[in-house]
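Enquirer: need a structure here:
(2 chains)
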Amino acid sequence: AQTVTQSQPEMSVQEAETVTLSCTYDTSESDYYLFWYKQPPSRQMILVIRQEAYKQQNATENRFSVNFQKAAKSFSLKISDSQLGDAAMYFCAYRSAGFEMRFGAGTRLTVKP
Amino acid sequence: GAVVSQHPSWVICKSGTSVKIECRSLDFQATTMFWYRQFPKQSLMLMATSNEGSKATYEQGVEKDKFLINHASLTLSTLTVTSAHPEDSSFYICSASGRGGNTEAFFGQGTRLTVV
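Expert: Below you'll find the model as predicted:
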């Protein structure tokens, strides 16, 4: 089965600064999709950004962007101009063409004012 | 994005009883639904994947007879925890997806189950 690894249990960033969250995955498939989800204290999962494996261009969504390195099986999330509302658990997720979605262990992001 | 409604948000039940959790896609057809379990400060652990009209595919280690999943329509999936015990207490989250592996999975609000 595919595995998703987030090696940073906790990260901290100063408000207005930039932070990068790491994610690596293991798969033998060529067709798959990668996601970053945010889970605030309400525990509602919120999609932050997604990347199709067949696309070379890195996805961006306002202050959020990814660095997708397919050969290295790496998918990091960069948050620019961090805001207090960005504080949450962030989960990296892998979804195969067979549809099941698997999550990494998560990274707790703290934003300091 | 699309809306997935999960009900109830929280439930307390007595040990030995069964409890049903509903997951509804309100504005799209959910051909695939996923059920996750999340322990405090941990990640989402996939329990099972269900496709509409088919039997659910359970992850290794998940008891099929304890966690009954039904996906009888394109808008509704249910998870029934049978003969619940305190160790079944957890946060359960469903997500729903339309056709195609590239479609986003939308999440319900989650259900906090406490078995006393």
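
Enquirer: Next SSE downstream of the helix or strand bottoming out on mean pLDDT in chain A?
Expert: Scoring the helices and strands of chain A by mean pLDDT, DSSP states H and E places strand A:101-103 at the bottom, with a mean of 89. As assigned by DSSP states H and E, the chain's next helix or strand after strand A:101-103 is strand A:107-112.

Enquirer: Flag every buried residue along that following strand.
Expert: For strand A:107-112, burial by neighbour count (16 or more other CB atoms under 10 Å in any protein chain shown) applies to A:107, A:109, A:111. Using the backbone N, CA and C atoms, a C-beta is placed for each residue, glycine as well.

Enquirer: residue ranges of the strands in chain A, please?
Expert: A:3-5, A:10-14, A:19-21, A:24-26, A:32-39, A:46-52, A:60-61, A:64-69, A:74-79, A:88-96, A:101-103, A:107-112 (DSSP state E).

Enquirer: Could you do chain B as well?
Expert: B:4-7, B:10-13, B:19-25, B:32-38, B:44-51, B:57-58, B:67-73, B:76-81, B:90-97, B:105-107, B:111-115.

Enquirer: returning to what we had before: comparing the strands of chain A by mean pLDDT, which bottoms out?
Expert: Among those, strand A:101-103 has the lowest mean pLDDT, at a mean of 89.

Enquirer: What strands flank that one, and is each parallel or antiparallel?
Expert: strand A:88-96 (antiparallel) (DSSP bridges).

Enquirer: contact partners of the strand it pairs with?
Expert: A:2, A:4, A:6, A:21, A:23, A:25, A:27, A:29, A:31-41, A:45, A:48, A:75, A:77, A:101-104, A:106-109, B:43-44, B:101, B:105 (CB atoms under 8 Å, 6 or more residues apart in numbering or on different chains).

Enquirer: Select, out of the strands of chain B, the one closest to chain A.
Expert: strand B:105-107 (3.8 Å; CB to the nearest CB).

Enquirer: from what I can see residue A:64 touches residue A:36, true?
Expert: Yes: between residue A:64 and residue A:36 a contact is recorded at 7.4 Å, counting by CB atoms under 8 Å.

Enquirer: which neighbours do these two share?
Expert: A:48, A:49, A:77.

Enquirer: Now distance to residue A:57 and neighbour count too, for those, in CSV please.
Expert: Shown next, in CSV, are these (distance: CB to CB, whole Å; neighbours: other CB atoms under 10 Å in any protein chain shown):
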residue, distance to residue A:57, neighbour count
A:48, 17, 23
A:49, 13, 20
A:77, 16, 23
